[in-house]
Structure formats: C-alpha cells, structure tokens
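A.B. asks: 3D, please:
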Amino acid sequence: MNTRAAPNPTLGHYFKETIRQAWPVLVSAWASMAFAVVDTTMAGHSSAADLQAMALSVSIYLTVFVGLMGVVHALIPIIGQHYGARRLESAGKAWGQGVWLALGLSACGAVTLLFPDVWLMFSGDIDPVVMRKISNYLLALIVAMPAALVFRTIYCLGTAASRPKVVMAINLLSIPFKVLFNWVFIFGQFGVPAMGAAGAGLSTAVVSWLMLGMGLWVIKHDTFFKQFQLRLGRIDWAAQKELLRLGLPMGGSYLIEVCAFTFMALMVAREGMFVTGSHQIMANLAALCYMMPMAIGIASASLTAQAIGAEDPARAKLTGQAGFLLVLAGAALTATLLLVFKPQIIALYTSDAQVGALAALLLQILPFFHLCDAMQCINTYLLRAYKVAVIPLIMQVFALTGVGLVGGWVLGFGPAAGALQPVINTLMPGAPTGAATLWLMAGLGLGMSALLLRFWYWRTLAQYQREKSAYL
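C.D. replies: Numbering: from 1, shown residues only. Got it, this is the predicted structure:
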C-alpha cells in the first residue's frame, strides 16, 4: 500500500528533521564517548604506565565490543522499516529477538577478552606491570559486556522509532557516576585500594549495569513504548537468521573500522610508551570527532528506513541528501576547530610534556583524517537503511584493511619502512615515523572507502527509485 504523505516538503524540511533526530543521538554518543575520555584523561594523570595499559586495553575491548555492537545495530533498519509501515507489534518482537542476540554475542565476546596475550603479540615486548594492568582491565569489562550490549537494543529501538532522547538522558546521567567510580577505583578512595587502569574497567562495569536498569525501567513505563508490546519471548530462529544476515556484515564493517585503530595501537607500542600515549590521544580525539557524522548517519538511516517502510521513495532520497550535506558541513567545521584549538585540546588529555609534544605532531593530520572518515561514515549508514551491508563490507575490507592497515604496516614498520618519510616531513615534521605512516595511510584508506561507498549508494538509490516508480 502506498502510504506517502500528500505534502511535498523541501530539502530544508529534511535538514530540520534530520537535525531534530541527530542532536540527541550526538549528545548520547558524546556522553558514551565520555567514558573513554574520562578513562584516558584520569589514567593519563595517574601514570604513563596506566596510560599505555589504557591505550592497549581500550583498543582490544573496542575491537570486540564495536564489532558485536554492529551486529546488534541491525535492529535499526529492521525496526525502522517496521515502524514506518506501522507494523508496531513486529517492531516489538524484533526488539525482543535483539535482546537474545545481544546476550549470545556477549558470551562470545567474553571469551575473546580472556586472552589478551593473543592480541598483544603484535606489540613486541610489553612491561609486565602494564600486562597485569591490561588483564585486570579486560576482566572487569567482561562483566560490563552483557549490560552494554543489551542496552544497545534499547538504543536501537529508540533511534529507529525517532525517540533518541531516552538513551541520551540515560547516557548523560551516567557520566557523573562514571567520574565518581573512576575517582574511587583508579586513585583509591574510601578505603578502596588504588587500581589504576584496572579501576577504570571496574567503574565501567558498575555503570553499565546501572544504565541497563534505567533503560529497562523507561521502556516499561513510558507510554510511547507500550504500543510496541515489548517482550522477550522465545528465541525465534527465523528472526535470528534475519538479524544475522544483516547484522554480520554490519558488524564486519564496524570491526574493519575499529580494527584499524586496534592494530595501529598494537604496532605503535613498538615505538615506546610515550608514542603510545600520544597515539591514544590522537585515536581518542578522532573517535570523539567521529561522533558527529555517526549521529547524523544514524538519524539519516533511521529516517530513510522509515520512508522505505512507508513506501515513500522521494522522502527516502531527500532524507539521504540532507544527511550527506549536513555531515559535509559538520566535518569542515570540526576540522577547523581542530586546527585552531590544538594546544588547548592536548592540555586536556595529558600533563606529560613528552606525550603532549608527540601528540601535537600527530594531530597535524587529524583534520584530513576526519574529513575522509566522516564521508565514508554517512555513506555506510545510508546504505544500511536499504539493508545493503555485504558490498560495503567488501569495499571497506579492501580500502581500510588493504590500503590503510596493511599499507601502513608495510610503509611504517615492514619491508618498506620509512618510504613515506619525505611526505611525513612535509605534513607532520618531527612526528614518529611509524605512527605517522599509519595515520596517513589510514586517512587515504578512509578516503578511498568514502568514494567507493558513495558510488554504491548512488547505484542502490537509483535501483530503488526505478523499482518504486514501476510499482506506482
């Protein structure tokens, strides 16, 4: 049935609609990212060893968690299309199946975190003190993972149904608790021994379960969510298959993106504790900047999925255009701010002069990196609204892994190490060769991924428009 609305809104209308949904997603994402920022800054003021342990631990955990989170995020286009078509009970059932999926994935993720030595084989010799801190940090995050993944199902439900403020509020409320528990566990307060980096992991576990409790309470008592008849129900293997068919390539795309950061951190560890700390600041800041295009991408994807479910191809096209232009403008603004406020930004992250000096050298390339990252992000999310995930995964494997990660290793640490030194001397004079090479090649890989994904989005959109025109 054609459920298109009678009015024909302009592109400006979709700018406003996207912004209206994107800003709570952005605030929520920044609030979530605040956990990593708080951990990095507080561990950085504890000791250089804690900062290195934090850099390596977070890289390992994010590789696992973000990949699994990507699988759970298959709920966004699925629930979004159900919601757009007003299949509310089906949307509620999909959420329940997503909870089962999250629980199963958390068990798989826990196993991978039990063996940090496997991950750290790429890092060369690590100080035994740092190794012990890493193991303790990851053990605490095993406890956090089930709560964090199930909470993502609530995030998916709210986002797909254009109610992102629920998760935003919970994330904002969680920040003071995170700071408090970090203070207690990292530095040792109220008789609790100082745990350093491991204390940050313990505080994340405590806060993650608090957040899940708040999220479940809200969706049970909020009148808006009652219309979905939310319930866990039994495992529906057909529904699980649908989630995995879309979620596995989505999770693979998330994994490819985060693996670049993970293995970059593991390889940069060869250049020493101070370079590792500066790389962690760069990676943390890049991830923080990524929240803007990600928020607009998620908002655009959910609104586009709703338009697809409502069989409104014109709205789907305009929503995608609005999201792309907003990300382009936001990325340009972010790049400018990075250039203007670089000294102040570094001062927030560390009080170690050597780490700060190295970070300043690496940050010279961050504006270019962010522009490429933002463009590939929005195109990926728009394709997911059409339930297209396999081809983007293949493109990202080639561009991000082949060009970015493998190319960065070959030219930075491998047989052609130092080949990009003239380029580095021009773009980042004085920067450590290995780390600078990795960041440069990662940026080039992201740029290539953005171009390939944009081409495939145009192809997918044109095919969808033709199909709907023929049907109507």
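A.B. asks: use CA for all of it now, contacts and neighbours both
C.D. replies: Will do.
A.B. asks: need the pLDDT of Glu17.
C.D. replies: Note on Glu17: pLDDT of 91.
A.B. asks: and for the one 5 residues further on?
C.D. replies: Looking at Ala22, its pLDDT is 91.
A.B. asks: who's in contact with it?
C.D. replies: By Cα atoms under 8 Å, 6 or more residues apart in numbering, the residues touching Ala22 are Ala295, Ile296, Ile298, Ala299, Ser300.
A.B. asks: contacts only, for the closest residue to the third one other than its chain neighbours.
C.D. replies: The spatially closest residue to Ile298, leaving aside those adjacent along the chain, is Tyr381, at 6.3 Å (Cα to Cα, 6 or more residues apart in numbering). Tyr381 makes contacts with Gly297, Ile298, Ser300, Ala301, as judged by Cα under 8 Å, 6+ apart.
A.B. asks: for Tyr381, which three-state class applies?
C.D. replies: Three-state call for Tyr381 (DSSP: H, G, I helix; E, B strand; the rest coil): helix.
A.B. asks: that one and Gln81: what is the separation?
C.D. replies: 14 Å (Cα to Cα, to the nearest Å).
A.B. asks: follow-up on the earlier one: among the contacts of Tyr381, which lie within strands?
C.D. replies: Applying DSSP state E to the contacts of Tyr381, no entry is found in strands.
A.B. asks: which among these end up buried?
C.D. replies: Among the contacts of Tyr381, those scoring as buried are Gly297, Ile298, Ser300, Ala301 (criterion: 16 or more other Cα atoms under 10 Å).
A.B. asks: phi and psi next, for the residue nearest to Leu405 when sequence neighbours are not counted.
C.D. replies: With sequence-adjacent residues excluded and distances taken as Cα to Cα, 6+ apart, Leu405 is closest to Ala260, at 5.9 Å. Listed backbone geometry of Ala260 is phi -60, psi -50, with angles given as degrees, to the nearest 10.
A.B. asks: list the contacts of Ala260.
C.D. replies: Here Ala260 is in contact with Leu400, Thr401, Gly404, Leu405, Ala442 (criterion: Cα under 8 Å, 6+ apart).
A.B. asks: Val111: which of the residues you listed is nearest?
C.D. replies: Thr401 (24.4 Å; Cα to Cα).
A.B. asks: the residue nearest to the spatial centre of the chain and Phe413, how far apart?
C.D. replies: Nearest to the geometric centre of the chain sits Val66, at 6.3 Å (Cα atoms, centre = their mean). Distance of Val66 to Phe413, computed by Cα to Cα: 26 Å.
A.B. asks: then Gly407?
C.D. replies: Plainly put, Gly407 is 10 Å away from Phe413 if you go by Cα to Cα.
A.B. asks: so the two - more neighbours on which side?
C.D. replies: A count of neighbours by other Cα atoms under 10 Å puts Gly407 above the other of Gly407 and Phe413, at 23 against 20.
A.B. asks: do a quick rundown of the helices in the stretch 51-200 of the chain.
C.D. replies: For the stretch 51-200 of the chain, applying DSSP state H, counting those that start in this stretch gives helices covering 75-84, 88-113, 116-120, 128-160, 165-187, 197-221.
A.B. asks: swap in the stretch 201-350 of the chain?
C.D. replies: 223-226, 237-268, 273-309, 313-340, 342-349.
A.B. asks: deepest of those helices, which one?
C.D. replies: helix 273-309 (a mean of 26; mean count of other Cα atoms under 10 Å).
A.B. asks: quick one: it to helix 75-84, angle?
C.D. replies: 20 degrees (axes from the mean of the first three to the mean of the last three Cα atoms, to 10 degrees).
A.B. asks: low-confidence regions, the stretch 301-450 of the chain specifically.
C.D. replies: Counting by pLDDT under 70, the stretch 301-450 of the chain contains no low-confidence segment.
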